[in-house]
Each structure stands twice: as C-alpha cells, then as structure tokens.
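# I would like the atomic coordinates for the input below:
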Amino acid sequence: MLWYKSWLETRWQFIAGLIVLACAAAEVVLLWPKINELIPMASNIQANGEIGRRIREGAELARDYRGYVWSQAFRQGVTHMATLFAVLLGTGGLLSHRSGGLFLLSLPVPRRRFVLTRAAAGLGELLILAFIPSVGILLFSPAVGKSYGVADAVAHGTCLFAAAAVFFSSALLATSIFGDFWRPLLTVLCLAIILGLLESALAGQWTWGIFHIMSGEAYFRHRELPWLGLLASAAISIAMLFGATIEIERLDF
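The predicted structure is shown next:
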C-alpha cells in the first residue's frame, strides 16, 4: 500500500517531469542546425566585460556538437528543471503529516519503513527523470545528422541524479519538519537559488559546487567523473534521509 500511495502522491510531478525534460532534450537537439548557422556571427561580437566573455565562451563551445549539448542542456536548462522536479517529488505527499499523512503515520507500520518506502519511490522516479534528457539527446541526435555517445549519456545522467538527489532529500527533510507543502518547497528552492548564485559568482574559483557536479562539467572537460563530488552528494542525501526518518519517528501522536 505504501508504494502505491507514494506513486499516487507523486505521479503528476513525475509525469510532468517526463514531458518537460523530454521536450527540453528535443528542443536542444532540433535547434542545433540554426545555432550552428549563427555561431560565426556570435564569434564576431565585440562585447567587453563578463557578458562578452560569456558570449565568446558559448560560441566556442557551440562549435562542437558535444560542447553545444553540454552548454545548452546540462549546464543550463536541464539542470534547473531537474532541480525543480527533484524538490517537487520530495515535497509534501506521504510526509505531510498535518494532512493525509497523519492517518498513514498512525497505521501499524514502522515509521522507518514508511519514510524509506517514500524515499525509495521518489528516488526511483528521480532516477528515471535524470536519464530522460541524456536518452532523449541520444535518440534525437540522428534527426540533425549528429550522434551522441552512450558513455556521455550515462555519465551526465549519473551526475544529474546524484546531485538532484540532494535537493530531493532536502525537500523530504524539510517536509518532515514543517509538515505542509509550501514552506518546504519555497525553503529548498530558495536554498537552490542561493547556491546557484554563489557558484556563479565564484565561477572558475570553486569547482565543488552542487550545480557544478550536476552539470557534469568535470566529465565534459576532462572525461573524468567527479567521484568525490558524487560520493559527497550521496553522503549528504543519506544524512538528510536519516534526519527525516528521525523527525518522523519522534512525532507524538
């Protein structure tokens, strides 16, 4: 029953994530011919400062199809969307103990099992969502006469999942504390925005940020998975889930 209830509580977030991320992958691929035509024009733009640097960097990356996919998908849109849906999957639902979750938590089922089932169901959905962009790019690329490596798809899907799981686990923990939908959602999204702004401000100086790991930049540039970052993300996620379990177990009703 708990697995089924978890699915019922998150199915619309999951389905929306499937559609949005698949469409994002298709859009990135199908825009490649047009972007490829505009690259020479972008390279000749004489802009100074940070804006000019970013334009030139983007144009240089887009000269190569693999660089274009990474810069347009994994460094930008897909990363932001994955973060949003990770938070949505982790917020509310079974752990909203001041709504429908209150009845479920009173059932003769160990609360640890209750939380772990909810976490496992959400992480399973998040795993699928994390690989949708990579698989989509892999499948859509022949439509524009290009190919995308299977190893690249697996590596970026892995990085996306590991880092997004941190936001999912944070949302679960926040929900177990606040017990409603909006406060956990807004809290974790604000945290994500702050981390994103901090990483952007320290670009080139700090390479261990959560979004740096999520984008798979280390793999893109050096063909090496950021193992320490992935392990750190897993450890943080486990700690958050453990905290959510303790918080639910201590509730007195």
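# count of residues packed around the residue lying closest to F161 once chain neighbours are set aside?
Sequence neighbours aside, A130 is the residue nearest to F161 in space, at 3.6 Å (criterion: CB to CB, 6 or more residues apart in numbering). Glycine gets a C-beta too; all of them are placed from N, C-alpha and C. When counting by other CB atoms under 10 Å, one arrives at 27 neighbours for A130.
# Looks like F74 contacts Y148 (just checking).
No - here F74 does not reach Y148: they are 11.6 Å apart, not a contact under CB atoms under 8 Å.
# Pick out whichever of these two has more residues nearby.
Higher neighbour count among F74 and Y148: F74, with 27 against 21, using other CB under 10 Å.
# got a list of what A24 touches?
73, 77-78, 81, 133, 136 (CB atoms under 8 Å, 6 or more residues apart in numbering).
# wait, A86
Applying CB under 8 Å, 6+ apart, we find A86 in contact with 126, 129, 164-165, 167-168, 171.
# which one of the contacts of A24 is nearest T158?
When those are compared for distance to T158 (CB to CB), P133 wins out at 12.3 Å.
# what's the farthest-apart pair in the contacts of A86?
Greatest spacing in the contacts of A86, by CB to CB: L129 and A171 (14.1 Å).
# can you give me the helices in the chain?
Ranges of helices in the chain, per DSSP state H, are 2-30, 32-43, 49-62, 65-69, 78-90, 101-105, 111-140, 150-178, 182-201, 210-215, 217-222, 227-250.
# need the least confident one among those helices, by mean pLDDT.
Ranked by mean pLDDT, those end with helix 101-105 at the bottom, a mean of 51.
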